[in-house]
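Student: Any chance you could fold what I've pasted below:
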Amino acid sequence: MTAPSRPRTRTPHPLVATFVRFVVCGGGVGLASSGVLVLLNDRIPMAIANALVTVVSTVIATELHGRVSFRSQRKGWGVHLRSGVTVAVSYAFTTGALLCLYAARSEPSALVEQTVYLSASALAGIGRFALLRIVVFADRTPAPDASLGKAAVAMAA
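Tutor: Next up, the predicted model:
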């Protein structure tokens with residue numbers, strides 16, 4: 001009697017797994033940020049609220065992305081500063097999207113406002129993923145040199 005065969009499960013490509021972790025971490029922080037923006041909307045101007053929420057959420061998201069998404073050992077203020085550059089672009093993009101919305105509709109509903117904000121945040125997030133992976137949390141371990149040095153040639157001889 002043969003044992004029943006188990007169906008093969010495909011393991012996702014490491015890049016896909018990293019992106020899923022990035023989306024879960026960043027999406028969670030993004031949704032929380034969206035809720036905070038709604039709460040701050042009537043208290044301070046939207047551009048200032050967006051700036052404050054962006055700074056706080058960036059610090060939180062950078063820590064999550066480093067530890068969870070990219071599983072990187074890189075830490076410190078340098079990581080936060082480089083990540084901050086990606087957020088500055090995201091801030092300009094999301095604020096620009098909101099300003100375009102306000103130009104088209106002077107008083108959009110909260111649902112429309114949040115749809116525009118979250119859509120712009122999602123597009124900015126894809127760009128951030130690429131930059132964080134390639135620049136901020138990239139493994140900086142130099143590849144072993146394939147050329148033979150004097151010591152290697154001497155030992156081989």
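
Student: per-residue confidence averaged over stretch 131-140?
Tutor: The pLDDT scores in stretch 131-140 average 86.

Student: Next, the buried residues of it.
Tutor: For stretch 131-140, a neighbour-count test (16 or more other Cβ atoms under 10 Å) marks 131-133, 136-137 as buried. Backbone N, C-alpha and C define where each C-beta goes, glycine included.

Student: Dump it to CSV, restricted to CA.
Tutor: Extracted in CSV, the C-alpha atoms of stretch 131-140 (Å, rounded to 0.1, in the frame of the first residue of the first chain):
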residue,chain,number,x,y,z
LEU,A,131,13.2,52.4,-3.4
LEU,A,132,13.2,50.9,0.1
ARG,A,133,14.1,47.5,-1.3
ILE,A,134,16.8,48.8,-3.7
VAL,A,135,18.3,51.7,-1.7
VAL,A,136,17.3,51.8,2.0
PHE,A,137,17.2,48.2,3.1
ALA,A,138,19.4,46.7,0.3
ASP,A,139,22.0,44.2,1.5
ARG,A,140,25.2,46.0,1.3
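
Student: Give me the distance between that stretch and the centre of its chain.
Tutor: 11 Å (Cα atoms, centre = their mean, to the nearest Å).
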